[in-house]
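Trainee: one predicted model, sequence on top.
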Amino acid sequence: MTDKNNFEHIKYEQISEDWRHRDNLTWQLPSIIVIIGGALITAAFGLNIDPQYLYLVRATLLGFGALLSSCLTFALTQNLWYQIGSSEYLKRFVKGDKEKLPTSKCLRSISPRDFLNSHWYIIIKQHFKGFLGSIILLFLCFFITFCLFGLFLVVFC
């Protein structure tokens, strides 16, 4: 195997490993959000708390859950964005369109905008079928985050 072929094989392995890693994160982050959100909602409304501190404890637990859930949801959104970039890179790499691949970036920071000059919603629309399960999980995370923020506002106000 020549050095060029070996280098191409290493690039393919790196981007494939990155895609698999991002796919694992895509399925792990929502379960963490569900567990943390459920545990904090259960703790906020299920614990026997002194009535004097009831609203303070509930607001603190729900506010912390909403903040943590929003951070993890943002991380999931960013993860999906770069996973779409890795997917596009792999497609072009396998097809042999190597001259259209970005060369000035680290392979782990390739975004869809490196290939497509479109708005984010057009890029998502183009890749919707391939990432349907991931996008449904993202919407679930947004829903849980909004529920936590809504409960926080109801308790706090």
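Mentor: Yes, it's here.

Trainee: the residue nearest the centre of the chain is in what secondary structure piece?
Mentor: Geometric centre of the chain, nearest residue: residue 76, 1.3 Å, by C-alpha atoms, centre = their mean. Using DSSP states H and E, residue 76 sits in helix 54-95.

Trainee: packing partners for that helix?
Mentor: The helices and strands touching helix 54-95, judged by 3 or more C-beta pairs under 8 Å, 6 or more residues apart in numbering; DSSP states H and E, are helix 3-46, helix 120-126, helix 132-156. Quick note: C-beta positions are derived from backbone N, CA and C, even for glycine.

Trainee: mean neighbour count, those: which tops it?
Mentor: helix 132-156 (a mean of 17; mean count of other C-beta atoms under 10 Å).

Trainee: could you check how far it is from the centre of its chain?
Mentor: Remark: helix 132-156 is offset 14 Å from the chain centroid, using C-alpha atoms, centre = their mean, to the nearest Å.

Trainee: what is the neighbour count of residue 131?
Mentor: Residue 131 has 18 neighbouring residues, counting by other C-beta atoms under 10 Å.
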